[in-house]
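**Student:** Okay, structure incoming, though there's no sequence with it:
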C-alpha cells in the first residue's frame, strides 16, 4: 500500500507508532484499484481514471441536487395551489424554522 500512497493513488494517516490508518473511502478505493487491475489495467491507467472521476462525480452530484430541489419546489407549489387558506396555514406551521433555514442555505450554496 505504500507504493500506492507514493504514487498518489491513496492517502493515509499514520499513528505515532507509524502504523497506517485508511479511512472508509481509501479502503473502497483499494478494492476499486484491485478490481481495475484484475481487468487488465495498469497503475498509470488507473491513476488517470481516478483524478477526473472525483471531479466529474462532484459536479454530477451538485447538478442532481439542483434538479431534485427544483422538482421539490415545483411539487410544493402545485400542492399549495390546491389547498385552501386554512390548510396552507396549518402546513406552514408544521414546517420548522430550522427546516426553512436549511432549505434557504442549500439554495444559496447551490446557486454559487
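**Tutor:** Arrived safely, thanks for sending. Everything quoted here is computed from the prediction, not taken from an experiment.
**Student:** CA atoms for contacts and neighbours, from now on please.
**Tutor:** Will do.
**Student:** Just name whatever secondary elements the helix ranked longest in the chain is in contact with.
**Tutor:** In the chain, taking DSSP state H as the definition, the longest helix is helix 43-81. Counting contacts by 3 or more Cα pairs under 8 Å, 6 or more residues apart in numbering; DSSP states H and E, helix 43-81 packs against helix 24-38.
**Student:** where in this structure is pLDDT low?
**Tutor:** For the chain, residues meeting the criterion pLDDT under 70 lie at 1, 52-62, 110-112.
**Student:** one step back: could you tell me how far the longest helix of the chain lies from the centre of the chain?
**Tutor:** A distance of 8 Å separates the centroid of the chain from that of helix 43-81, by Cα atoms, centre = their mean, to the nearest Å.
**Student:** cool, stretch 85-97 as well?
**Tutor:** That offset, for stretch 85-97, works out to 31 Å (Cα atoms, centre = their mean).
**Student:** 637 is where my numbering starts, stick with that
**Tutor:** Got it, first residue is 637 now, which makes that one stretch 721-733.
**Student:** and the angle for the helix or strand following the longest helix of the chain with helix 679-717?
**Tutor:** Per DSSP states H and E, the first helix or strand lying C-terminal to helix 679-717 is helix 721-730. Counting by axes from the mean of the first three to the mean of the last three Cα atoms, to 10 degrees, helix 721-730 lies at 140 degrees to helix 679-717.
**Student:** which of the residues in stretch 668-675 are buried?
**Tutor:** By 16 or more other Cα atoms under 10 Å, the buried positions in stretch 668-675 come out as 669, 672.
**Student:** what does stretch 645-654 give?
**Tutor:** Result for stretch 645-654 [16+ other Cα under 10 Å]: buried residues 645, 646, 647.
**Student:** how about those in TSV, adding distance to residue 668 and secondary structure?
**Tutor:** Output for the buried residues of stretch 645-654, formatted as TSV (distance: Cα to Cα, whole Å; DSSP: H, G, I helix; E, B strand; the rest coil):
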residue	distance to residue 668	secondary structure
645	11	coil
646	11	coil
647	15	coil
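**Student:** picking up where we left off before, what's the angle between the longest helix of the chain and helix 660-674?
**Tutor:** Going by the same axes, to 10 degrees, helix 679-717 makes 130 degrees with helix 660-674.
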